[in-house]
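1. Fold the stuff below for me.
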Amino acid sequence: MIDRDYVLTMARYNAWQNAGMKKAMESLTEAALRKDRGAFFGSILATANHLLWGDRLWMSRFDGREGPSVGPDQHTELTPTLATWGTERFRTDGRILTWAEKLRSIDLTGDLTWHSGVLGREVTKPKALCVTQLFNHQTHHRGQIHAMLTAAGAMTQDTDLFLMPETGPWL
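-> Below is the predicted model:
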């Protein structure tokens, strides 16, 4: 289904896109970031927090390290400000990239089993599918944030994968 090169490319894409998204978010006021824009999670910052929360949750399943610092009922409030979000986003993107760099294609075989707090039960799925879910979830919610940023008048960067720089700035 996927291999190490795919994961590494997507980890780099994720970091590149999040850096651009942060820059666009920084052009808005705190009130504009918190304004309910009718999106699934309401505001730009709430959606960005949900995305960060989900990345940390999936990474805890992949690398065995810590997960989000709040439960699913507080996922949209993971960080209180854009500045805090930016710091935590940078750390999490570094974690994803470091994990991807160390990954071997064989690590993507077999199943992953975890307890889903949202579903309230144990879940088992193919590892490759779960890793694909990490990157698909990122792209989905960044698309929502991109639309909200554009509607708010922020200047956003290109999102096409083929436009990603060959080298840095991943982080």
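2. what about this structure, any weak spots by pLDDT?
-> Applying pLDDT under 70 to the chain flags residues 167-171.
3. Please tell me how far M25 sits from A154.
-> For M25, the distance to A154 (CB to CB, to the nearest Å) stands at 7 Å. Where you see a C-beta, it was placed from the backbone N, CA and C, and this is true even at glycine.
4. Of these two, which one has the most company?
-> Legend: neighbour count by other CB atoms under 10 Å for M25 and A154, higher for M25 (23 against 20).
5. Now tell me what touches the one helix or strand that one maps to from outside.
-> Using DSSP states H and E, M25 maps to helix 4-26. Helix 4-26 is contacted from outside by 33, 44-45, 48, 82, 85-86, 89, 93-94, 96-97, 99-101, 103-105, 107-108, 131, 135, 138, 142, 145-146, 149, 154-157, 159, 161, 164-165, 169-171, using CB atoms under 8 Å, 6 or more residues apart in numbering.
6. That one: what's the following helix or strand?
-> Using DSSP H and E, the helix or strand that follows helix 4-26 in sequence is helix 30-34.
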